[in-house]
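A.B. asks: Need a 3D model of the sequence below.
(chains A, B and C)
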Amino acid sequence: MLVPIQEFLHRHRTKWVGFAFILPWIVAALWFDLIPFVVNLLLSFTDYSVSTSIPNWTGTKNFNEIFTLDPLFSKSLGNTVYYLALSVPVRLVVALAIAILLNLRIMALGAFRTIFYVPSVVPLVAVSIIFFGMFNARYGIFNQVLILLDLPPVRWLTRPEWVKPAMVIMSTWGFGAQMVIFLAGLQGIPAELYEAAEMDGGNYWQKLFRITVPMLTPVIFFNLIIGIIGGFQVFASAYVLLGPGGGALNAGLFYVIHIYNNAFSYFRLGYAAALSVVLFLIILFFTIVMVRTSDRWVYYGDT
Amino acid sequence: MNTMTRRDFLRASGVSATLALVACTAAPPEPAASTEAEPTAARVEIEFMNWWGSHREELMNEVIANFHEMNSSVQVNNLVQPWDGRAERAATAVASNNPPALIMTQRVETYQFAHENLILPIDDYVQASGIDPDALFYTGEINNQRWQGQLYSFPLPTGGGNTGQYFYNKTVLSNAGLDPEMPITTWQELTTAAQAITQKDDIGVTVMGASLGGGPVGFGQWLYTNAGQFVSDDARTIEFHEDAGVQTLEWMVNFTNEINGGIDNTNEFLAGTSDTSADHPYYNEMLGFLFTGVWQFGHLQATDPDMWEDTSTWGVGQMPYNGNNPDAGHAGVAGLSGSWGYVIPSSTPQDQADAAYQYLEFFGTHEAGGCLFLFNQGRPSPVAQCNENPSYYDSNPYWDVVLKSLSSDVSVAVTPVQTRINDVVATVVEEAYFGVASPVDALAKGAEESQRILDEFWAG
Amino acid sequence: MVEGIASRISKWVVAYPLLLIASVVMLFPLIWTLSTSLKTAQTVTLREVQLIPDPIQWSNYITIFEEAPLLRYTQNTLYMVLASVAGGVVICALAGYAFARIQFPARETFFYILLSTMMLPHVVQIIPLFVIFDRMGLVGTFWPLIIPRLLGHNAFYIFLMRQFFRGIPLELSDAARMDGCTELGIWARIVMPNSKPVLAAVAIFSIQFAWNDFLSPLIYLGPKQELWTLALGLNAQKGFEGEITSLHKMMVISIYMIIPMLAVFAFGQKYMIEGVTFSGMKG
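C.D. replies: Below is the predicted model:
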């Protein structure tokens, strides 16, 4: 009896060894993702508050409210998509450009890299206070520059139309993590490719767009997916800068802030669960589209 | 308000009357010999979870030490939590099987938790202890801690004193040619004074008469000085959109547009600073009138001690009311937001719950408890008699105004869904300020939504 | 390699000025934090910029140790950091390798599950997760913060490493397999040594995220002050209702938190730019 099993295992060894590699993660995912996910899904059909008793089953009532009654659902989703569409590409391009610049052979390179990473290590509590100061119409550094350039000063945090651009600036400033990933990615590009291009007489820009960028596509793809998943869930930075109301006329009320308010300000945890299920499906849709279309532009060494 | 020790404070208060009234009768009688040496087998240890952070932590430790001196059977651990994430921390704490025995909560949270049976009413304890909360506390203050006839906590600090008075900068008034010793009493006088004070340049306001504020409390403070009401006394019918409300919001919008040049101009003037920061316009002779709570006394002393010492530079008056409305008068709003209390989670073991109440009663009612704690912050107590302590008059030049403003406070009837309604009102006020909707339309729409939320609550 | 004149000129005319200007923008918050940390309660301001404090109060850096047990906070934070690094560079790397290079049934499905674990907002998971750990009696201990990290519960790191491992030439691992290496052997001898840049990146991230994590430590360690981390200690400087009465002290703790992270980065970035040995294999 044992022998066939052993033979089977041996024959399919490589098949099962993959599971062994991801086993710790599977345990963690069951425990810390699946349970909260199922609980959340069930709660989205109830009127659960912070109660120890069993909540009432309310069917699709929460979802009906989301799509028909809640004015802040579409408002917060619109704000989030606006922010996402602006901040993800901008931060990606800036991080990539700086990483490429910092990959040149120049003096004091390590110092420059460290300096560009500084914003990423400043605690959020401090960041919010710093940006309040920098966005101030009278004292802030941004308006000082605008006035210097003879442009009209901007009310960054008090006019509804400027709240989201201000958030984009703040998020771009923290590009350090993406820069690190790009820097790591740049090391994986074989020097031979550049040498071959140089022999063919390629100039710097040709090398950049024919070798560097294509070879970086797996990393660009990663940053894009993470940017979108994270962008839909923008919360902490907006909350500290704009407060629970999301700034002037709810212009910075992002989707997860709306979830948060329902969960911990109103203690409508069932409704918050329903909102999060909707968000989950939206993000999932975008991610599947991104992954499915990635074959067309992402180049892996193994394909 | 230099920090006072218990002895100074009690001596000044002429102690005995109040002490006799609120003596910690719930505490088991102490055997004469049982102090240090006695084994403390029966000593119950409780966690007191609260957010009285930074310099208040020391004051709280002093209060707890005073309690321990009087009651050796209970050990209270002062569990101060970081402010951010407060709601998450409170929600998880009450959901725990092993919660802290006493948790600091805002009034609406108390109601929310009470509504879900997550916390214990304290009426039985109060009865056993023999104290009469209605005689001890201002009526509005103690009612802020009652939900559906049951008492869940003692109030502390005051839920009132948030909006009943204003602070003004005498130097700013003088600079504008106004009489600094003639505080304003009506909206109309405020408008005239603000017009004289406010100055602008290319970027925005440089000197401001007043910012009327926004949100439910900003709107509420003016609504109640126009004889209006947020909601009916039975908390079932929204009333903020009636004539008094429309009139109030229209006045706020016109004032803001005409004098300050719009709401974003106003907000920008105050953005990014706070009344605990040295660069706040009020301390820098750039703001005439500051509408704020009684905590401002403490902030003023800490942030600008020179100004605090010199009463020719600042003054305090009662909240101005609409002089054109014969029904209107000075008023403050209490309990619309904030209003802190201390609740005992239902899953607390019996001995700990008993101990938690003993400390709650001491902290809430005793001279050497909450009274001292608040006195050392320059704030009035919800216990009326504590505020008669002559030390207050010695240390606070405007104490008579504080007492008058407290007696003008109105307690708003709220339900566990008040936070949602407050957020709706905040949007109403912003839409009116930004001109997205007229005050009357914005209020009508907001009232409809608030009424729906309220009806759903009472139906469910 | 000999640099061309043109490239040298473009460096001095374009790259350096650009980098210097950008550096000022990036450094501004650090300078502001530093300058605020040297102010007094009376001179500290929130929005009016005065970069040179008057007076300069160096003693803030001494007195803070009397007011907050920073050393204990640091020690507590390090438990989380260590668990985070171990989980990140070992457990997540194993999983990342499996997703990149090992064929196993339903791998694509598992990959989608991996991605989808990042899509449920954390705020709705707080209470369910808390209840689990509460009923296990683990609230008030480090376990709720350490167990997920040790199990490599981080889709971000796994996904990141998958992307990088897929770029390692197949020839390398095929050759090793011919020599009789197991998958574990290939991972340990071929993949890991050739992935120093991404491992350095993951190490930096896991140290930094654990170092600055606030909400989970608040919920699980909040009840036990002796277990608090630096991020909790920093936030505890905020007063009642979040008022900021001692910004200078907050900034002292911020600087105390920033310096080690910059040191970690300065050290780690050397590995991030280390030449990769397999570069000759392909092309």
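
A.B. asks: so A:Leu253 makes contact with A:Gly78?
C.D. replies: No - with the criterion set as Cβ atoms under 8 Å, A:Leu253 and A:Gly78 do not qualify as a contacting pair; they are 9.8 Å apart. Glycine gets a C-beta too; all of them are placed from N, C-alpha and C.

A.B. asks: Those two - which one has more neighbours?
C.D. replies: Ranked by neighbour count (other Cβ atoms under 10 Å in any protein chain shown), A:Leu253 and A:Gly78 place A:Leu253 first, with 24 against 12.

A.B. asks: For the spatially closest residue to that one that is not a sequence neighbour, which residues are in contact?
C.D. replies: Counting by Cβ to Cβ, 6 or more residues apart in numbering or on different chains, the nearest residue to A:Leu253 once its immediate chain neighbours are dropped is A:Gly246, at 2.9 Å. Contact partners of A:Gly246, counting by Cβ atoms under 8 Å, 6 or more residues apart in numbering or on different chains, are A:76, A:79, A:163, A:238, A:252-254, A:257.

A.B. asks: among those residues, who's most crowded?
C.D. replies: Within the contacts of A:Gly246, A:Phe254 tops the neighbour count with 30 neighbours, counted by other Cβ under 10 Å.

A.B. asks: Check what pLDDT that residue gets.
C.D. replies: Note on A:Phe254: pLDDT of 97.

A.B. asks: I'd say it and A:Val234 touch.
C.D. replies: Yes - here A:Phe254 lies in contact with A:Val234, judged by Cβ under 8 Å, at a distance of 5.1 Å.

A.B. asks: Need phi/psi at B:Tyr168.
C.D. replies: phi -130, psi 160 (degrees, to the nearest 10).

A.B. asks: what do you get for B:Gln229?
C.D. replies: For B:Gln229, the backbone dihedrals are phi -140, psi 140 (criterion: degrees, to the nearest 10).

A.B. asks: So it sits against B:Phe240, correct?
C.D. replies: Yes - the criterion here is Cβ under 8 Å, and B:Gln229 meets it with B:Phe240 at 7.4 Å.

A.B. asks: so what sits against both of the two?
C.D. replies: The contact sets of B:Gln229 and B:Phe240 overlap at B:Leu223 (Cβ under 8 Å, 6+ apart).

A.B. asks: Report the separation between the residue nearest to A:Leu253 and B:Glu88.
C.D. replies: When Cβ to Cβ, to the nearest Å is applied, the distance between A:Gly246 and B:Glu88 equals 18 Å.

A.B. asks: Just give the nearest non-adjacent residue to the residue in the stretch 151-283 of chain C positioned nearest to chain B, would you?
C.D. replies: The minimum distance from the stretch 151-283 of chain C to chain B, using Cβ to the nearest Cβ, falls at C:Asn235 (3.7 Å). Residue nearest to C:Asn235 in three dimensions, not counting chain neighbours: B:Pro82, with 3.7 Å by Cβ to Cβ, 6+ apart.

A.B. asks: The host helix or strand of C:Pro144 vs chain A: in contact?
C.D. replies: Mapping C:Pro144 onto the secondary structure by DSSP states H and E places it in helix C:143-150. Yes - using Cβ under 8 Å from any Cβ of the partner chain, helix C:143-150 reaches chain A at C:148, C:150.

A.B. asks: by contact count, what packs against whichever helix or strand comes after that helix?
C.D. replies: Using DSSP H and E, the helix or strand that follows helix C:143-150 towards the C-terminus is helix C:155-165. Applying 3 or more Cβ pairs under 8 Å, 6 or more residues apart in numbering or on different chains; DSSP states H and E, one finds that helix C:155-165 contacts helix A:176-187, helix A:213-232, helix C:92-101, helix C:107-116, helix C:196-212.

A.B. asks: low-confidence ranges in the chain?
C.D. replies: By default, I'm working from chain A. Along chain A, the model assigns pLDDT under 70 to residues A:1-14, A:52, A:301-303.

A.B. asks: Chain B, not that one
C.D. replies: Counting by pLDDT under 70, chain B contains low-confidence ranges at B:1-7, B:9-41.

A.B. asks: My guess is B:Gly293 contacts B:Gly159. True?
C.D. replies: No - in terms of Cβ under 8 Å, B:Gly293 does not count as a neighbour of B:Gly159; the distance is 10.3 Å.

A.B. asks: Would you mind finding the longest helix in the chain?
C.D. replies: All of this is about chain A. In chain A, taking DSSP state H as the definition, the longest helix is helix A:71-101.

A.B. asks: meant chain C actually
C.D. replies: Longest helix in chain C by number of residues (criterion: DSSP H): helix C:247-272.

A.B. asks: That one versus helix C:196-212: what angle between them?
C.D. replies: Calculated by axes from the mean of the first three to the mean of the last three Cα atoms, to 10 degrees, helix C:247-272 forms an angle of 160 degrees with helix C:196-212.

A.B. asks: re the thing from before, just the contacts of A:Gly246 now: which is nearest B:Ser347?
C.D. replies: Closest approach to B:Ser347 among these (Cβ to Cβ): A:Ile257, at 30.6 Å.

A.B. asks: That closest one sits in which helix or strand?
C.D. replies: With DSSP H and E as criterion, A:Ile257 is part of helix A:255-260.

A.B. asks: For that helix, enumerate the helices and strands it packs against.
C.D. replies: Of the remaining helices and strands, those touching helix A:255-260 by 3+ Cβ pairs under 8 Å, 6+ apart are helix A:71-101, helix A:236-242, helix A:269-294.

A.B. asks: how about a markdown table for the helices and strands packed on helix C:155-165, with mean neighbour count added?
C.D. replies: Formatted as a markdown table, the helices and strands packed on helix C:155-165 follow (neighbours: other Cβ atoms under 10 Å in any protein chain shown):
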| stretch | mean neighbour count |
| --- | --- |
| helix A:176-187 | 24 |
| helix A:213-232 | 20 |
| helix C:92-101 | 26 |
| helix C:107-116 | 16 |
| helix C:196-212 | 24 |
